[in-house]
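Chemist: Generate coordinates for the sequence data below:
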Amino acid sequence: MFNNKGTTGIEQLGEFGLIDHLTKNIEIKQKGTIKSVGDDAAVLDFSGKKVLVSTDMLLEGIHFDLAYTPFKHLGYKAIQVNLSDVYAMNGTPAQVTVSIAVSSKFPLEAIEELYQGIYLACDKYNVDLVGGDTSASKQGLIISVTVLGYADEKDIVYRNTAQEGDLICVSGDLGGAYTGLQLLEREKLVYLENPQIQPDLEGKDYIIERQLKPEARKDIIELLKAWEVLPTAMIDVSDGLASEILHICTQSNKGCNLYEEKIPIDPMTYDTARDFNLDPTVCALSGGEDYELLFTIKQADYDKIKNHPDISIIGHITEAAAGRNLVTKSGMVHELKAQGWNAFKGPQTNTQGAE
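Modeler: Residues are numbered from 1 along each chain as shown. This next block holds a predicted model:
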């Protein structure tokens, strides 16, 4: 939580003063940004490219908890989750708009930290902040980010174009963000019971960062282009592996076989899940917020990616009649079900379904 002692009230600046204060040092990076902040609308030029647009909203108490989420990390993550959507279309993000609704409990310094994270993400991924809005809020902090990107029409990858026989691939590892969240929630409860006890997070940096500071997989998109591999379908893993592959199967009218033993899970994720009496596989299937890329490729492209340490081949696409299946380590076949994040109910993870 931000320490308000010796801080500046936002009301001292007013809405336009706050906007000027937060955006005065913007430097344009994209040649397609003709006019950024400061007018009634931004002016962009995509030079004949197809435009990609996506929006995500983050609400305090629903998507983040300020008891353990630093403002700088929150700003960074708010940008990343949007960039990931454009990469999942095989596109290039170029501009973002950021709108915030903030209550009077937050001082100027807290919002400055939030924007430090926003600008850090924009700089790292070569994206311009070109506009947004600010408003008062009676319900805590609300952040809404819209990302604009571009791609050549021939390069755009959709969810509905997977073909029978395609290989199912995923970048990185899964379940880390969810187990990191469990750890943070546990330490929050301990603190609330006894504020004298310091959080016990030693040695858990990786899964904590997976939750608080995810990275959109720009590198995987660049790698696939360098290898001349165009995925047949793609989606980012925001709601859990099971939910995402089911989106691809449903929209492509196909089935799949997913192999539990092939799902990439980091040892720290595995051990932490066990500490919480959770099935590591279910954390990967249903936890969400990993922001890895799940994609399908033609079998002819297998040799191009088979030896890359950060891409795992975890199954294949089948005809729709074959169903959507998880093949467990013991060889049992289960129907694959989405039990991940529901924005209106919260995480639906349980420990059933993997053996």
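Chemist: which residues pair with His316 across the strands?
Modeler: As for beta bridges, His316 partners with Leu167, Asn257 under DSSP bridges.
Chemist: what's the pLDDT at it?
Modeler: His316 is assigned 98 on the pLDDT scale.
Chemist: where along the stretch 1-150 of the chain do the strands fall?
Modeler: Listed in chain order, the strands of the stretch 1-150 of the chain (DSSP state E, counting those that start in this stretch) span 33-35, 43-44, 50-59, 92-102, 128-136, 142-151.
Chemist: Mind giving me the packing neighbours of the last one?
Modeler: If I follow you right, that is strand 142-151. strand 50-59, helix 71-87, strand 92-102 (3 or more Cβ pairs under 8 Å, 6 or more residues apart in numbering; DSSP states H and E). No exception for glycine: its C-beta is placed from N, CA and C like everyone else's.
Chemist: and of those, who's closest to Pro214?
Modeler: helix 71-87 (5.2 Å; Cβ to Cβ).
Chemist: tell me the mean pLDDT for the closest one?
Modeler: For helix 71-87, the mean per-residue pLDDT is 97.
Chemist: Can I get that helix as CSV, trimmed to CA atoms?
Modeler: Extracted in CSV, the C-alpha atoms of helix 71-87 (Å, rounded to 0.1, in the frame of the first residue of the first chain):
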residue,chain,number,x,y,z
PHE,A,71,1.9,1.0,-8.3
LYS,A,72,4.9,0.8,-10.6
HIS,A,73,4.3,-2.9,-11.2
LEU,A,74,0.6,-2.3,-11.8
GLY,A,75,1.3,0.4,-14.4
TYR,A,76,3.7,-1.9,-16.2
LYS,A,77,1.3,-4.9,-16.1
ALA,A,78,-1.6,-2.8,-17.4
ILE,A,79,0.4,-2.1,-20.6
GLN,A,80,1.7,-5.7,-20.9
VAL,A,81,-1.7,-7.4,-20.8
ASN,A,82,-2.8,-5.2,-23.8
LEU,A,83,0.4,-5.6,-25.8
SER,A,84,0.0,-9.4,-25.4
ASP,A,85,-3.3,-9.2,-27.3
VAL,A,86,-1.7,-7.6,-30.3
TYR,A,87,1.2,-10.1,-30.3
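Chemist: Can you add distance to Ile221 and mean neighbour count and give the helices and strands packed on strand 142-151 back as a markdown table?
Modeler: Shown next, in a markdown table, are the helices and strands packed on strand 142-151 (distance: least, Cβ to Cβ, whole Å; neighbours: other Cβ atoms under 10 Å):
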| stretch | distance to Ile221 | mean neighbour count |
| --- | --- | --- |
| strand 50-59 | 12 | 16 |
| helix 71-87 | 5 | 24 |
| strand 92-102 | 8 | 22 |
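Chemist: among those, which is nearest Thr250?
Modeler: Evaluated with Cβ to Cβ, the helices and strands packed on strand 142-151 place helix 71-87 nearest to Thr250, the distance being 18.3 Å.
Chemist: what's the angle from that closest one to strand 128-136?
Modeler: Angle between the axes of helix 71-87 and strand 128-136 is 120 degrees (criterion: axes from the mean of the first three to the mean of the last three Cα atoms, to 10 degrees).
Chemist: So which elements touch helix 71-87?
Modeler: By 3+ Cβ pairs under 8 Å, 6+ apart, helix 71-87 packs against strand 50-59, strand 92-102, helix 108-124, strand 142-151, helix 218-226, strand 233-236.
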